[in-house]
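S.K.: Here you go, sequence then predicted model.
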Amino acid sequence: MTGEQEHSFFCDRMAGSLCKYLRFMGYDCRNANDLPDGNPREDTDILEIARREKRHILTQDAEIAQRGGDRAVRLVSSDLAGQIRQLHNAGLISPEIRLTRCSRCNAILLEGTPPVDPGHKIPDDTPLMYCPVCKRQYWEGTHTRNMRDQLAQMINQENNKE
């Protein structure tokens, strides 16, 4: 999203898959699943964190969406493709896989390699990225290409319905 303000997000517990995809797309996205379980004030905490960090709240919960006002997006679909299309149509995201953030912990990826997992066979000429926090490795491979194809299909599903 060059030239535009990059949006950041906070996904509630029901939007965990969306959070992971947003991170693959390079968006700064917090996840309620990273908060301690069983907190009766969790909704209020999400609202406060999102306000303080200037994040859009992504939720299917009508009450949280109403309480969040302009900073909340009520997801109208429980389907990942529908959620991505909704955010794209609202102008909040540009649906492309960028591999700039860790899908697990949201940290910014660095170029190079952490200690290599001997179970992964990576071609020598493949540029590697890694998470400095959780040490997860990323590279442009078939999984990344498949995600790009899936994302294109998600966006094109709506275009084919018109």
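M.R.: Noted; the coordinates are in hand.

S.K.: Pull out the buried positions in the helix of greatest length in the chain.
M.R.: Among the segments of the chain that qualify as a helix by DSSP state H, the longest is helix 142-161. Neighbour counts over helix 142-161 (16 or more other C-beta atoms under 10 Å) mark Met147, Leu151, Met154, Ile155 as buried. Backbone N, C-alpha and C define where each C-beta goes, glycine included.

S.K.: so which of these comes closest to Cys102?
M.R.: Minimum distance to Cys102 across the buried residues of helix 142-161 is 14.7 Å, recorded for Met147 (C-beta to C-beta).

S.K.: if I look at the residue nearest the centre of the chain, how far off is Asn31?
M.R.: By C-alpha atoms, centre = their mean, the mean C-alpha position of the chain lies nearest to Leu22, the distance being 2.0 Å. Distance, Leu22 to Asn31, by C-beta to C-beta, to the nearest Å: 9 Å.

S.K.: shared neighbours of the two, anything?
M.R.: Taking C-beta atoms under 8 Å, 6 or more residues apart in numbering as the criterion, Leu22 and Asn31 both touch Cys11.

S.K.: I'd guessed Ile64 sits against Glu42; true?
M.R.: No - Ile64 is beyond contact range of Glu42, at 9.7 Å (criterion: C-beta atoms under 8 Å).

S.K.: and those two? which has more neighbours close in?
M.R.: Comparing Ile64 with Glu42 by other C-beta atoms under 10 Å, the one with more neighbours is Ile64, at 21 against 16.

S.K.: Look up how far Leu47 lies from that one.
M.R.: Separation of Ile64 from Leu47 (C-beta to C-beta) stands at 7 Å.
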